[in-house]
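Undergrad: have a look; sequence and predicted model below, questions after that.
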Amino acid sequence: MPPVKPAVSAAGTAPIVAWWDPPADGATNMALDEALAFEAMRLDRVLVRISTWSEPTLSLGAFQAIGEARALAALVGLPIVRRPSGGGAILHGSDVTLSVAVPRAHPCGGAPQRLYDTVHAAVVAELAARGIAAGLSAGESTGARPGTGDPTAAALPAAGAFLCFDRRASGDVVVPVADGRGNSDAKVLGSAQRRLRGAVLQHGSLLLAANQLVPESVRHPGLDDLQTGGGACAGWGPGGIDLVRGWLTRLAAALGEGLEEPSGVFDPSPLAGVEEGMVRFRQDSWNARR
Amino acid sequence: MLKDVRFAKSHEWISPVAGGVATVGISAYAVEALTDLVFMQLPAVGRKVKAGESIGEIESVKAVSDLYAPVSGEIVEVNSTLPDHLETLGKDPFGAGWIVKIRPDDPAEIDALLDRGAYEALIGSQPH
């Protein structure tokens, strides 16, 4: 990776920097995302990492209970990783992860909602340009859960909001089509943050298609499954990449003065602690900490 | 009491030392910015911490934030009822919403933190 230079002007006025990384396992993705936040702080730049998962994985929010996750993961046969960010569990495999790290001094580094809305509004605008009528959720959490009698449904906690895509937080990107899970809309993008002293890391999961590798009781419709009047992205292929590229361009316009896309993968400074992170995110001391 | 409180740039407040111990919490500004708190993890009593070290975490609907020790010292008490009553942080962040009590290694570290006026200037300049 060619070295990325620190911002030379006030935070928020330098181009954002984005990397398109190859698929990786959960621990690697989490370690790299944590390093992204460190580098955003060190360089005083907005950094973006676009990534997918080399194997279907259940990622947990920072404080979700491991017992419930293990019950579900065993039934669906997936490995588990705990994210440093909050929010609900995600069954990765048909989504793309949009990781955005912002210095705390940046205009979007203050109250959580501003970054959330900025990132999500760029997705809504890009979907609109493709004829997909998405919008931002008002944030009413339904707690909906499948009632099928399927053992995977029984593994979910009674509150039913264990999975990110069953939740509705203010600003989630939704498409006004019933999701078949008791909601009047379908959530296609949810995000959660880890707020560190010098930077904010926001993880977003954009659901491109329903995850066919998990039982129907825990499966959510993605962009390809919704009757949106055209513009389906056909998963993480050229269509999905083009969609994310459109989002990235809009995000760059909203956040900075341009976009840099260095050749190669995100390769942070040794100071960012990726090696240590890759070990930690594989250990029970992290993944089963609650 | 509020006029004597000092603040870290990471939004923790700390009281003057009384009986060798100072009380630590997070500011009303920080509580309001986080919105809808759902979970809190406190440090163990007896833990030695350095200024700036994470001593706990707090989760809201959208975000997880670290709580940082404003000064070096030993955690001598935690507000163990707080995680079950997170609304207290919003209602009374400088009173019943205290988070930990710490025995500072060097009470002079407190004096080096922001006074109320400087903290209000800081949050006034921060992005919303």
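TA: Yep, that arrived.
Undergrad: show me where the chain has its helices.
TA: You didn't say which chain, so I picked chain A. Taking DSSP state H as the criterion, chain A contains helices spanning A:26-43, A:66-76, A:112-129, A:151-154, A:238-255, A:274-280, A:284-287.
Undergrad: actually chain B
TA: Taking DSSP H, the helices of chain B run over residues B:28-34, B:87-91, B:108-111, B:116-125.
Undergrad: winner for burial among those helices?
TA: Here the criterion is mean neighbour count by mean count of other CB atoms under 10 Å in any protein chain shown, and of these the winner is helix B:28-34, at a mean of 19. Placement of C-beta: from N, CA and C, glycine included.
Undergrad: does chain A have contacts with that one?
TA: Yes: contact of helix B:28-34 with chain A (CB under 8 Å from any CB of the partner chain) involves B:33-34.
Undergrad: go ahead and confirm A:Gly139 touches A:Val174.
TA: No: with contact defined as CB atoms under 8 Å, A:Gly139 does not count as touching A:Val174 (10.3 Å).
Undergrad: so these two - more neighbours on which side?
TA: The neighbour count for A:Gly139 versus A:Val174, taken as other CB atoms under 10 Å in any protein chain shown, is higher for A:Val174 (23 against 14).
Undergrad: and the more buried one, what's its pLDDT?
TA: Looking at A:Val174, its pLDDT stands at 95.
Undergrad: repeat that for the one 5 residues further on.
TA: Per-residue confidence (pLDDT) for A:Asp179: 79.
Undergrad: excluding chain neighbours, what is closest to it?
TA: Of all residues not flanking A:Asp179 in the chain, A:Ala186 sits nearest, at 3.9 Å (CB to CB, 6 or more residues apart in numbering or on different chains).
Undergrad: what sits against that neighbour?
TA: Listed by CB atoms under 8 Å, 6 or more residues apart in numbering or on different chains, the contact set of A:Ala186 reads A:174-175, A:177-179, A:220-221, A:226.
Undergrad: using CSV, write out every CA atom in stretch A:191-202.
TA: Provided in CSV are the C-alpha atoms of stretch A:191-202 (Å, rounded to 0.1, in the frame of the first residue of the first chain):
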residue,chain,number,x,y,z
SER,A,191,-24.8,0.4,11.2
ALA,A,192,-23.2,0.6,14.7
GLN,A,193,-20.2,2.4,16.1
ARG,A,194,-17.2,2.0,18.3
ARG,A,195,-16.3,5.4,19.7
LEU,A,196,-12.7,5.7,20.7
ARG,A,197,-10.9,8.6,22.2
GLY,A,198,-9.5,9.8,18.9
ALA,A,199,-11.7,8.2,16.2
VAL,A,200,-15.1,6.7,15.6
LEU,A,201,-15.4,3.4,13.8
GLN,A,202,-18.7,2.7,12.1
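Undergrad: just the residues contacting stretch A:107-126, thanks.
TA: A:11-12, A:46, A:98, A:100, A:102-104, A:134-136, A:170-173, A:189, A:191, A:193, A:195, A:199-200, A:202, A:204, A:206, A:243, A:246-247, A:250-251, A:254-255, B:33-35, B:60, B:62-63, B:126-128.
Undergrad: 7 Å - rerun?
TA: The contact list for stretch A:107-126 (CB atoms under 7 Å, 6 or more residues apart in numbering or on different chains) reads A:12, A:98, A:100, A:102-103, A:134-136, A:171, A:173, A:189, A:191, A:193, A:200, A:202, A:204, A:206, A:243, A:246-247, A:250-251, A:254-255, B:33-34, B:60, B:62-63, B:126-128.
Undergrad: kindly report the same for stretch B:40-49.
TA: Residues outside stretch B:40-49 that contact it (CB under 7 Å, 6+ apart): B:55-58, B:69, B:72-78, B:82-83, B:86, B:99-100.
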